[in-house]
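Asks: My questions are about this predicted structure, shown below with the sequence.
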Amino acid sequence: MSEIEQFYADKSIFLTGGTGFLGKILIEKLLRSCSRLKKIYVLIRPNSSNNPRKRLDDLFNCEVFKQIKENRPDLLSKVEPINGNITYPGLGISYDNMITLKNEVNIVLHSAATIRFDEPLKKALEINLCGTESVINFCNQLNNLISFVHISTAYCNTVKNDIEEKVYEHDVTVENVLSANRWMDADLFESLSEKLYCGRPSSYHYTKALAESLVLHNAQKMRKNKKHYKTAIIRPSIVTPTLKEPLPGWTNNYYGPTGYLVVAGKGVLRSMIVHKDKICDIVPVDVVANTAITAAHYISKQLNIQQDQQLTTQLGDELKLSLNGSYASSSADVSDEDAEFAGNSKLTNGKIINGHHLINGHQDKNPTNGHSNGEKLTNGKLHTSSDEDDSEHDSEKSVPTIKLNGLSRTSSTSSKSSLDGSLSSKYKMSEKSFDINQYLTVFNCISGASNPISWGEIHSLCEPFLLKYPSIELFRYPGALLHSNKMLHQIILQLEHNIPAMLIDFIFKLLGHKPILTPVYEKVHRSIEALEHFTTNEWTWRTDNFEKLINSQNEIDREKFFIDLQRLNWKSYMENYILGVRYYLLREDPSTIPTARKKLNRLYYLTQIVKLGIAGGIMHQAITRYPTFKKYLLWLSAKRAQIKF
């Protein structure tokens, strides 16, 4: 039996970004593989021509829902559009809808974002950061929420080479950026962008990094406030067309390598800056969707598993407290108030009272209630997963400190206020005791760790497929070159891109038409420049949590919700990738492939004739205008004749 399918049975999901690339795959996968779910509420922004219901109906016309419409059309009624906007306060959700959602929603999947690399910083902040803040506030109002999954990007921390599955904080805190966003105009933000990015390539990557910090801070608050829903962050690398579900090679955008394949396949692109030995880290979109779906199930059961393990190992002698040495201070030195912990635990006369749980020879009938907030007893000492305190004490003052096995409290009342006041606490957890996975779990959803492939290998795999399945509309014979030398790259751009574009557009103007190639090449150049950061660098991502997620699946779920990228066959995938781009993106039917091949062959011979003509013209001019060159050629011919005989 599928544990994941069973988990989603009779549950309601709230989804943002449902009309996007990943969102479509998430909806389709949930309906098809978790058909016993109760509802999928999709936040949809109305536009000038369509209301949310009409936009949802248009969404179902997408190819990815074809299988469901043919086999189980009744499942589509489980998707409910919610009129709203991620940039509005309260997500722009009406009062009546909010009442329903508060009581119905069990799982929140937040995938809405602007992914444009050239998005102005102010706008990117409004969508990626403030939008995430609104989603978090929405989650905190839900009565039956179990799991919150936030979709981020693996490239939000590219300022580091070794990227762990944890949230990294920033020099300028997320609270300060949110505060500045309320009064700072777009131009001023843009002028500060380079310093704020700290080496990140774009506003997209920076704002997604900030959003992660916001998610972390909220998870800490929820832990402290005894909220019981769990949080996960999914970090996919470059998201590419589907691997196999619901249709192999399906895509609807030109992002990442897809744009490169289109312009290279049509013969428009002739040169690109690429370090061939660098890892190209790409992940199929259906794998990302399966990861998010699996993660919601995984994090929901993690705390219960940890509690069961703790209670099992703590039975017997480990539950006995030693009054002599168990604590840094004796019970006589620590008042009841000083010994109070998160979860209402107290140290009283050498005993720990935690709700109804009395430990020191007496055991509660329901011991799980006693440690519902992550506290555990080991070797007579109390450990706790209380939130990390943000207050900082003056390092120049010597103040008495009471230590309780990694948890410390100073007797001084003076402390610096935290940027996030709600995280302030009279306790401070040492770095050694702090465990990020007690608040949320981060999954680096990447292929490079288990199944790496370089940009050079991608190019070698794709080149024959571009010739095997050519586009019906070709500008030139495909032949993009990858260079690591920037000067050579610029020379080729001038000779192969700019000069031909100017000549052809000049002819178009003479004939009374608008220029077409110059604008095309301007867009192509912007795209390859944006991709250059990723084709000339590589990073190491830790994937401990992601591997645990894979191993948590039973045999049925491993096939039904495939996320094990080690089993991905790159050659087969890239063939489907190119066929998918041709069919779903360029709208070229497979039946046109034989005709396209004939055109390609004609273009090849025409290209060779033109090259010979250009070479012959240059040779003729050189011989005619430069007698010395002619003499040199004659001498060279005679020399070769002598060598031959």
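Replies: Yep, it's here.
Asks: All the strands of the stretch 51-200 of the chain, in order from the start?
Replies: Taking DSSP state E, counting those that start in this stretch as the test, the strands found in the stretch 51-200 of the chain are 79-83, 105-110, 147-151, 162-163.
Asks: got the residue ranges for the strands in the stretch 401-550 of the chain?
Replies: Along the stretch 401-550 of the chain, the stretches classed as strands by DSSP E, counting those that start in this stretch are 401-404, 407-410, 428-429, 440-445, 481-483, 540-541.
Asks: and the closest residue to H459 other than its chain neighbours, bridged to which residues?
Replies: Counting by C-beta to C-beta, 6 or more residues apart in numbering, L482 is the residue found nearest to H459 once chain neighbours are left out, at 5.8 Å. Glycine gets a C-beta too; all of them are placed from N, C-alpha and C. When assigned by DSSP bridges, L482 has beta-bridge partners M272.
Asks: How many neighbouring residues does L482 have?
Replies: 16 (other C-beta atoms under 10 Å).
Asks: In terms of secondary structure, what does whichever strand or helix holds T607 contact?
Replies: T607 belongs to helix 593-625 when assigned by DSSP states H and E. With contacts defined as 3 or more C-beta pairs under 8 Å, 6 or more residues apart in numbering; DSSP states H and E, helix 593-625 has these neighbours: helix 627-644.
Asks: Flag every buried residue along the helix holding T607.
Replies: I593, A596, L600, L603 (16 or more other C-beta atoms under 10 Å).
Asks: Pull up the gap between the last one and R476, please.
Replies: L603 sits 7 Å away from R476, taking C-beta to C-beta, to the nearest Å as the criterion.
Asks: shared neighbours, those two?
Replies: Shared contacts of L603 and R476, defined by C-beta atoms under 8 Å, 6 or more residues apart in numbering, comprise G267.
Asks: ok, back up a step: quick one: average pLDDT of the helix holding T607?
Replies: Average pLDDT, helix 593-625: 84.
Asks: how distant is that helix from the center of its chain?
Replies: How far helix 593-625 lies from its chain's middle: 45 Å, per C-alpha atoms, centre = their mean, to the nearest Å.
Asks: can you check stretch 279-293 too?
Replies: 9 Å.
Asks: which ones are touching T592?
Replies: Residues in contact with T592 (C-beta under 8 Å, 6+ apart) are I472.
Asks: That one and Y254: what is the separation?
Replies: Separation of T592 from Y254 (C-beta to C-beta) stands at 20 Å.
Asks: and what of Q608?
Replies: In this view, Q608 and Y254 are 30 Å apart by C-beta to C-beta.
Asks: May I have stretch 189-209 exported as PDB, CA atoms only?
Replies: Extracted C-alpha coordinates of stretch 189-209, given in PDB (Å, rounded to 0.1, in the frame of the first residue of the first chain):
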ATOM      1  CA  PHE A 189      16.400  49.600  -3.800                       C
ATOM      2  CA  GLU A 190      17.900  49.000  -7.200                       C
ATOM      3  CA  SER A 191      20.900  51.200  -6.300                       C
ATOM      4  CA  LEU A 192      21.600  49.000  -3.300                       C
ATOM      5  CA  SER A 193      21.000  45.700  -5.000                       C
ATOM      6  CA  GLU A 194      24.600  44.800  -5.700                       C
ATOM      7  CA  LYS A 195      25.600  45.200  -2.100                       C
ATOM      8  CA  LEU A 196      22.500  43.300  -0.900                       C
ATOM      9  CA  TYR A 197      23.000  40.400  -3.200                       C
ATOM     10  CA  CYS A 198      26.500  39.700  -1.800                       C
ATOM     11  CA  GLY A 199      27.500  37.900  -5.000                       C
ATOM     12  CA  ARG A 200      24.200  36.300  -5.800                       C
ATOM     13  CA  PRO A 201      23.400  36.500  -9.500                       C
ATOM     14  CA  SER A 202      19.900  38.100  -9.400                       C
ATOM     15  CA  SER A 203      17.000  39.500  -7.400                       C
ATOM     16  CA  TYR A 204      15.300  36.000  -7.700                       C
ATOM     17  CA  HIS A 205      18.100  34.200  -5.900                       C
ATOM     18  CA  TYR A 206      18.400  36.900  -3.200                       C
ATOM     19  CA  THR A 207      14.700  37.200  -2.400                       C
ATOM     20  CA  LYS A 208      14.400  33.400  -2.200                       C
ATOM     21  CA  ALA A 209      17.200  33.300   0.300                       C
END
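Asks: Tell me which residues are up against it.
Replies: By C-beta under 8 Å, 6+ apart, the list of residues contacting stretch 189-209 from outside reads 113-122, 124-125, 127-129, 152-153, 155-159, 168, 170-172, 177, 180-181, 530, 533-534.
Asks: what about the protein, any weak spots by pLDDT?
Replies: Low-confidence segments of the chain (pLDDT under 70): 225-227, 303-438, 629-630, 633, 639-645.
Asks: what about 80?
Replies: Applying pLDDT under 80 to the chain flags the ranges 48-50, 193, 222-228, 302-439, 611, 614-615, 618-645.
Asks: So it: which segments form each domain?
Replies: With domains defined by automatic domain parsing, the chain comprises 3-256+280-305+539-585, 307-435, 601-644.
Asks: can you list those in a markdown table and add distance to S271?
Replies: As requested, these are exported to a markdown table (distance: least, C-beta to C-beta, whole Å):
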| stretch | distance to S271 |
| --- | --- |
| domain 3-256+280-305+539-585 | 18 |
| domain 307-435 | 47 |
| domain 601-644 | 16 |
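Asks: H459: which of those domains is closest?
Replies: Closest approach to H459 among those (C-beta to C-beta): domain 3-256+280-305+539-585, 9.2 Å.
Asks: Show me where the stretch 151-300 of the chain has its helices.
Replies: For the stretch 151-300 of the chain, applying DSSP state H, counting those that start in this stretch gives helices covering 174-181, 186-197, 203-224, 257-265, 285-313.
Asks: Reformat those as JSON lines; add distance to F546 and mean neighbour count.
Replies: Putting the helices of the stretch 151-300 of the chain into JSON lines (distance: least, C-beta to C-beta, whole Å; neighbours: other C-beta atoms under 10 Å) gives the following:
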{"stretch": "helix 174-181", "distance to F546": "25", "mean neighbour count": "17"}
{"stretch": "helix 186-197", "distance to F546": "26", "mean neighbour count": "14"}
{"stretch": "helix 203-224", "distance to F546": "16", "mean neighbour count": "24"}
{"stretch": "helix 257-265", "distance to F546": "22", "mean neighbour count": "22"}
{"stretch": "helix 285-313", "distance to F546": "8", "mean neighbour count": "20"}
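Asks: now the ones you listed as CSV including distance to E104?
Replies: Below are the helices of the stretch 151-300 of the chain laid out as CSV (distance: least, C-beta to C-beta, whole Å):
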stretch, distance to E104
helix 174-181, 29
helix 186-197, 38
helix 203-224, 20
helix 257-265, 37
helix 285-313, 16
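Asks: Among those helices, which comes closest to I44?
Replies: Nearest of the helices of the stretch 151-300 of the chain (C-beta to C-beta): helix 285-313, 18.4 Å.
Asks: With adjacent residues omitted, what lies nearest to the residue positioned nearest the centre of the chain?
Replies: Closest residue to the average C-alpha location of the chain: T153 at 2.6 Å, with C-alpha atoms, centre = their mean. Of all residues not flanking T153 in the chain, K208 sits nearest, at 5.1 Å (C-beta to C-beta, 6+ apart).
Asks: mind listing what the closest residue to T19 other than its chain neighbours touches?
Replies: Leaving aside its sequence neighbours, T19 sits nearest to L59 (C-beta to C-beta, 6+ apart; 5.8 Å). By C-beta under 8 Å, 6+ apart, L59 lies in contact with G18, T19, K24, I27, F65.
Asks: Could you rerun that using 10 Å?
Replies: Contact analysis of L59 by C-beta atoms under 10 Å, 6 or more residues apart in numbering lists G18, T19, G23, K24, I27, E28, V42, I44, F65, L76, V79, P81.
Asks: Equivalent analysis for D557, please.
Replies: Shown in contact with D557 (C-beta under 10 Å, 6+ apart): 1-7, 33, 290, 293-294, 297, 550, 563.
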